[in-house]
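Visitor: need a structure here:
(chains A, B, C and D)
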4 protein chains.
Amino acid sequence: MNTAHTPALSQDSSTARPLGVAAIGYAFMGKAHSNAWRNVASFFDVPAFEQKVLVGRDATQVAEAAAKYGWAESATDWREVIERDDIHVIDICAPGWMHAEIAVAALEAGKHVLVEKPLANTLAEAELMTAAAAKARARGVQSMIGFNYRRVPALALARELIVEGRLGTVRHVRAAYLQDWLSDAESPMTWRLRKETAGSGALGDIASHAIDQVLFLLGDAVTEVTGRLQTFVDHRPGEAGLEEVTVDDAAWATLTLTSGAIASVEVSRVATGQKNSLKLEIYGDKGTILFDLEALNELGFLDATVPVREQGFRRILVNEPEHPYLEAWWPQGHIIGWEHTFTHQVRDFLLAIQDGTQPSPSFEEGLNVQHVLAAIEESAAAKSSLIQLSSTTEGA
Amino acid sequence: MNTAHTPALSQDSSTARPLGVAAIGYAFMGKAHSNAWRNVASFFDVPAFEQKVLVGRDATQVAEAAAKYGWAESATDWREVIERDDIHVIDICAPGWMHAEIAVAALEAGKHVLVEKPLANTLAEAELMTAAAAKARARGVQSMIGFNYRRVPALALARELIVEGRLGTVRHVRAAYLQDWLSDAESPMTWRLRKETAGSGALGDIASHAIDQVLFLLGDAVTEVTGRLQTFVDHRPGEAGLEEVTVDDAAWATLTLTSGAIASVEVSRVATGQKNSLKLEIYGDKGTILFDLEALNELGFLDATVPVREQGFRRILVNEPEHPYLEAWWPQGHIIGWEHTFTHQVRDFLLAIQDGTQPSPSFEEGLNVQHVLAAIEESAAAKSSLIQLSSTTEGA
Amino acid sequence: MNTAHTPALSQDSSTARPLGVAAIGYAFMGKAHSNAWRNVASFFDVPAFEQKVLVGRDATQVAEAAAKYGWAESATDWREVIERDDIHVIDICAPGWMHAEIAVAALEAGKHVLVEKPLANTLAEAELMTAAAAKARARGVQSMIGFNYRRVPALALARELIVEGRLGTVRHVRAAYLQDWLSDAESPMTWRLRKETAGSGALGDIASHAIDQVLFLLGDAVTEVTGRLQTFVDHRPGEAGLEEVTVDDAAWATLTLTSGAIASVEVSRVATGQKNSLKLEIYGDKGTILFDLEALNELGFLDATVPVREQGFRRILVNEPEHPYLEAWWPQGHIIGWEHTFTHQVRDFLLAIQDGTQPSPSFEEGLNVQHVLAAIEESAAAKSSLIQLSSTTEGA
Amino acid sequence: MNTAHTPALSQDSSTARPLGVAAIGYAFMGKAHSNAWRNVASFFDVPAFEQKVLVGRDATQVAEAAAKYGWAESATDWREVIERDDIHVIDICAPGWMHAEIAVAALEAGKHVLVEKPLANTLAEAELMTAAAAKARARGVQSMIGFNYRRVPALALARELIVEGRLGTVRHVRAAYLQDWLSDAESPMTWRLRKETAGSGALGDIASHAIDQVLFLLGDAVTEVTGRLQTFVDHRPGEAGLEEVTVDDAAWATLTLTSGAIASVEVSRVATGQKNSLKLEIYGDKGTILFDLEALNELGFLDATVPVREQGFRRILVNEPEHPYLEAWWPQGHIIGWEHTFTHQVRDFLLAIQDGTQPSPSFEEGLNVQHVLAAIEESAAAKSSLIQLSSTTEGA
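Guide: Now for the predicted structure:
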């Protein structure tokens, strides 16, 4: 690594040249991240940056995507891009199996890195990345994993209320992430349904979000887990006839947290009628919080310290200037959408770069989630027996 | 009137002989009232009474109904029944056009009277009844009109909160009562759709409930109204071909209250999909209350004095021992049904008789609602012009 | 056993003498069952019966309760009562540890028996009772266990829809029963919190209902389970200082069904803000059903066979004459309460006696639930390992 | 007017030079419109255009806003801007009293015009604008009024369902728009609360949206109205002490439509707890539609042609590729926000320009709404008497 490429990157906003940003990938996540980069400065005070390069394998397609999504240029070789002096930030939206190689190279090249979840397809890769992030951090190079739901204003508010003690002692959590896009048994085979390409099914894809929320909201770590995995549709039509599905359609787990709280986690991609429903219920001795991603502008909150006669779950429309991130957007009651969480993520990432602080969630936090996922698989393979996590996985 | 029939009827519960009760009518309302009499003493401490006689026109049917609904005897002549020395309470569930004659006779005979709403089909009759009630009251004979929704625990709680000032100054109210049993244009002609038998349509039938709630919850009186009436299905199949519908399918009104608050009232029997939805929204400067009869165990409450960050409509499940009437029933969260409101009504009526106090709502309160209904009709006939009520109609 | 006491008891409704009914117990469940007996004949056509005797230990209190709840007499010795020739039906609302002795004696005496859930406190007792029920059945003596939620109209409708194939193949079920009456850590020690008197905590008390619903709705049986139990508040104030709580506050399980479906079950008595929330979600490949006991007049239903453009969860207000049990009550939209499920239960029990058929759920069905509960405890004791059920437990 | 400035502007997308766009105003609406221009081409196929100039009165502030919101330049004189040859589209986000002058000038200069609602502060101005739009249209110059809620996907779907006859004959509509930002009586005096600057209060501001929806969804026109206006807080703190509020806080109206349907309209800015709640209920004889802007990704739909047993209000999550506008955004269940309606509006406006067709809603449609608002004020001034509209106001 050429240290000339790694100046101290924390930004003095008054004098610094704009950060040059490159994004790798232009599919679903690339589109969502690009949208965040294109809009963040219209709403938030962030350090100056430029949407420099969008990287993809197909030169024509990536050029079109770059034009459409607001990038100045396109490129097909990510290695060249991370060597460029005018690029300071790498946003990795490529498939999971590419994360480790790109992230490690980018960090070594002194680039700040934002990587989509999951951190990697294997624990080994995730550990490599975390080590690279730790080394880079020591040189002022920041890294962050894209658990964007931490930036849903309602969930950020939930976290505030929990930190303030409004729930008292949390006893148990019900976390579920329910989708139905695999409900139709005739829905065809894809790479997402093969273990070798996808790692796992609903577990890695959506349980990761649910587990990250448990760790984030409680600020806690997992000490032991039980797990079950199930594939309900075990063969699906492929190009050459029926093919075996080798990942889970649904997963169940219980997590013990260091506090003594227990979280149940249930995820499914065959929950007919549930489109994108991350449901969270946090039960404390002084209050309870409810959330559903399909109505992400709302937070349910019950304050058990008010007189019983007038207790009840409140539907807080999290759209007030007093709420996290909301002052930047529109007047009260003008709801925001799913994509805004990525804008908030980019905003917080840029501010951390400017301040020279570790953005959250860190690669370590991403690795913690991976450890929990691995333990769930281990438990599932061992008749759902309770598995101890070797090192506890600490939350934010 | 033989004064021998009218002893002081307030009850000393320790020594009094049981009150003899007779009910007149055994259709829908007769069934609901009978259910209340049959069950009230199993849940509430009330003065002793006996379900003596059920009265109806058809001797066979009323005998069957009496056996089914828990009455000791049946009879066909209400005049004989109100003369009986062992009858102290007359519960009038007969059609509206019979209310005045029965009620006045019963009150003059020194019987306590509970009469179903509406008080009468005409203002003249209602005034006659109110005068009789006033005279009887002076002799310790009580009377009450059956606006049973005042005994929905959630609405009783709403009233408490308003009295305690939790809503601050109420600015406006949205009251609606929506049903759909006339939505089908092929639904046949009945006596309820003829002005000469029913008086009016949705207006008298369900707007009366909505208006009573406005008066009850706000403890206020109406000074002026606007009104519109509409018949959407103006002919319906009768026994001899299409017949003209001469009452309203829907009605709209605004009411000015002495406090300066304004209530809108909208009722319909062609609101497809709404089964029995009395909706109330009360907007004050310190809080708001929401209610829907289809979920009558719940009250919506927003307390605008808590910090904006955590404000929201609470869904209070009104099923706690702390809530009106609920201690008598089941543990928390075990919801009650529509019929229970009649049980509460009978309980409160019996307690008022025991205490020698005026039960609420009085005939005067019933008359107030009739005045408002009449003014709405008058306004509707005068191109919806604002109509002043000659004497204000005071709430509870 | 004196066979003179066991005539063929199926009823010819035209000529039969009324069934004599005795109930044992007058606390919460006794009150609810009494209410059902007092009202069932006012709404449903059932064979003639008489509320003869209410049995309890305290002579004064049971006499008062009998008068209040509509029983002709009271008694303190249940053994004498079951020997009476004029008693044909025994309704057992006594605590769980008394079930076996009373039920076996009553069945042997030729009395039809309705017993509250759980069937018994131990598997051994439950098996004894089931054997007695089988023997009695051969002589025309019926028995039934009181899983009253099978008689919630919305759940009866759910069962109909599933039987008709409206959900297609059910993949997974989410069942939860959440309450909060133990949420306060200062809530005192009671017999319900000691293993020796209560058997278990939330598991036996409320998971039993949730599991019965899974078996009932799917018409299926459990082949294997995993389980976890947790006591969050392990000491509570007793009369002589802090005492140890020896039952669970919350439990988690997964059930494998013979069809291959998987059900998750989660129950808690410390779920702050949840009062009596039995939540059911049934996911099939053609549709989904949602239910919450706190809004028991409603059923959520998504029909995945309608065009995607107009798919959505329907809130069916289960209050139409077309719905199970509803024609007997009130017009559409006039909701019923929790207690009505007991009235439906008694109605179905009486009709089965009249027809000489086995009422459902049978003691065998109650035993099946006990087997599942026992297996969950076994799994919980074995680090949550998957436990095979020796004999499958078949549903209705 | 120099005709050299008005070439036929319909676009041949393959060869045309990009449309030059200028926006006037950079406050709330300017920010929302800018956001739409900045993002529309990233999601939709639209003719090429450039965000050329943002116009405002304060040179420094408008320059900052231009940089922030993606405009190439800023300017302070809108007259100069509309004369520029490289500007083809004028987007008017300036206050209502400026609409007429700018719009007429821009149309005469051959520029396509998008104007925020309301069309103008007075009927006279609105008529002038409509005449100018008609003349311009004849020359291929398009104009559109920004009733953006027509582009809420759920409401566009509602319109489709109604056109397809899914509601049958619509009998009545309940439209309400409830906000609470004036609920606090200490909230200070502003230009929005003075008749001379704002024209009216809640009536013009939010009833206009509600009325436009009635006309749009039913495709109908208003023949007569009743109206009431009320100011609950008649003085508010100004810079020099209490000032009189001269506009309405709330308004009520009923509208008769040519079809015979009746719509009630109720709006308030003092409805405590309601943040931005445009509620629509459309009752037909075959079905019903419900909508609330605070949950704008959802549509309530009841299909009364399915068997009663399974009827119920569906919550359609309007987030499927099959739904209007949605294919362009994210996968199912990833909800969009309020601002997206402006993006849809700009997309449809650009496509109409490209196709040389009249975009909807036209200035005529905006004028129709103004006529209804004026009639409501006239009725309110005449004791709420029913007012005939001289010419019917036809919907889309």
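Visitor: how about the strands in the stretch 201-350 of chain A?
Guide: Secondary structure of the stretch 201-350 of chain A (DSSP state E, counting those that start in this stretch): strands located at A:222-230, A:235-238, A:241-244, A:250-257, A:262-268, A:277-284, A:287-292, A:298-303, A:313-317.
Visitor: Using a markdown table, lay out these together with mean neighbour count, distance to D:Val247 and mean pLDDT.
Guide: Backbone N, C-alpha and C define where each C-beta goes, glycine included. Shown next, in a markdown table, are the strands of the stretch 201-350 of chain A (neighbours: other C-beta atoms under 10 Å in any protein chain shown; distance: least, C-beta to C-beta, whole Å; pLDDT from 0 to 100):
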| stretch | mean neighbour count | distance to D:Val247 | mean pLDDT |
| --- | --- | --- | --- |
| strand A:222-230 | 24 | 58 | 98 |
| strand A:235-238 | 15 | 62 | 96 |
| strand A:241-244 | 12 | 67 | 96 |
| strand A:250-257 | 26 | 55 | 98 |
| strand A:262-268 | 27 | 52 | 98 |
| strand A:277-284 | 24 | 43 | 98 |
| strand A:287-292 | 24 | 39 | 98 |
| strand A:298-303 | 24 | 32 | 98 |
| strand A:313-317 | 24 | 26 | 98 |
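Visitor: Redo those strands as TSV? Include distance to B:Val306.
Guide: Output for the strands of the stretch 201-350 of chain A, formatted as TSV (distance: least, C-beta to C-beta, whole Å):
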stretch	distance to B:Val306
strand A:222-230	34
strand A:235-238	51
strand A:241-244	56
strand A:250-257	30
strand A:262-268	29
strand A:277-284	18
strand A:287-292	13
strand A:298-303	9
strand A:313-317	9
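Visitor: Including distance to chain B, could those strands go into CSV?
Guide: Listed next are these as CSV, based on distance: least, C-beta to the nearest C-beta, whole Å:
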stretch, distance to chain B
strand A:222-230, 29
strand A:235-238, 39
strand A:241-244, 44
strand A:250-257, 25
strand A:262-268, 21
strand A:277-284, 15
strand A:287-292, 10
strand A:298-303, 6
strand A:313-317, 4
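Visitor: And those: which comes nearest chain D?
Guide: Closest approach to chain D among the strands of the stretch 201-350 of chain A is made by strand A:313-317 (5.5 Å; C-beta to the nearest C-beta).
Visitor: Who are the packing partners of the closest one?
Guide: strand A:298-303, strand B:313-317 (3 or more C-beta pairs under 8 Å, 6 or more residues apart in numbering or on different chains; DSSP states H and E).
Visitor: At the contact with chain D, which residues of the stretch 251-396 of chain A appear?
Guide: A:274-277, A:293-297, A:317, A:319, A:329-340 (C-beta under 8 Å from any C-beta of the partner chain).
Visitor: In helices, which of these appear?
Guide: Judged by DSSP state H, the subset of those located in helices is A:His340.
Visitor: Report the buried members of the residues of the stretch 251-396 of chain A next to chain D.
Guide: Listed as buried from those are A:274-277, A:293-297, A:317, A:319, A:329-330, A:332-340; burial here means 16 or more other C-beta atoms under 10 Å in any protein chain shown.
Visitor: And for A:Trp191, the neighbour number?
Guide: Look at A:Trp191: counted by other C-beta atoms under 10 Å in any protein chain shown, it has 9 neighbours.
Visitor: what's the helix or strand for the closest residue to it other than its chain neighbours?
Guide: Leaving out its chain neighbours, the residue that sits closest to A:Trp191 by C-beta to C-beta, 6 or more residues apart in numbering or on different chains is A:Thr197, at 4.2 Å. Per DSSP states H and E, A:Thr197 falls inside helix A:195-198.
Visitor: Give the next helix or strand downstream of that helix.
Guide: Defined by DSSP H and E, the subsequent element after helix A:195-198 is helix A:202.
Visitor: what does that following helix rub up against?
Guide: A:Tyr177, A:Gln179, A:Val247, A:Asp248, A:Asp249, A:Ala250, A:Ala251, A:Val267, A:Ser268, A:Arg269 (C-beta atoms under 8 Å, 6 or more residues apart in numbering or on different chains).
Visitor: how far away is the second one from A:Ala210?
Guide: The gap separating A:Gln179 from A:Ala210 is 12 Å, by C-beta to C-beta, to the nearest Å.
Visitor: And the two? Which one has more around it.
Guide: When neighbours are counted by other C-beta under 10 Å, A:Gln179 and A:Ala210 differ, and A:Ala210 comes out ahead with 27 against 23.
Visitor: Quickly note the distance from the closest residue to A:Asp303 other than its chain neighbours to A:Ala250.
Guide: Spatial nearest neighbour of A:Asp303, excluding adjacent residues (C-beta to C-beta, 6+ apart): A:Gly287 at 5.0 Å. According to C-beta to C-beta, A:Gly287 stands 30 Å off from A:Ala250.
Visitor: cool, A:Gly273 as well?
Guide: Applying C-beta to C-beta to A:Gly273 and A:Ala250 gives a distance of 15 Å.
Visitor: Kindly report the same for A:Gln358.
Guide: A:Gln358 is 35 Å from A:Ala250, by C-beta to C-beta.
Visitor: Look at A:Asp58 and say how many residues are nearby.
Guide: If we define neighbours as other C-beta under 10 Å, then A:Asp58 has 12 of them.
Visitor: Quick check: chain neighbours aside, which residue is closest to it?
Guide: Spatial nearest neighbour of A:Asp58, chain neighbours left out: A:Thr76 (7.6 Å); criterion: C-beta to C-beta, 6+ apart.
Visitor: Which residues are in contact with the spatially most central residue of chain A?
Guide: For chain A, the residue nearest the mean C-alpha position is A:Phe147 (1.6 Å; C-alpha atoms, centre = their mean). Contact analysis of A:Phe147 by C-beta under 8 Å, 6+ apart lists A:Lys117, A:Ser208, A:His209, A:Asp212, A:Phe216, A:Pro361, A:Glu365, A:Gly366, A:Val369.
Visitor: Closest one of those residues to chain D?
Guide: A:His209 (12.8 Å).
Visitor: The closest one against A:Ala176, yeah?
Guide: No: under the contact definition of C-beta atoms under 8 Å, A:His209 does not touch A:Ala176, with a separation of 10.8 Å.
Visitor: Listing request: residues of chain A with sub-threshold pLDDT.
Guide: A:1-16, A:391-396 (pLDDT under 70).
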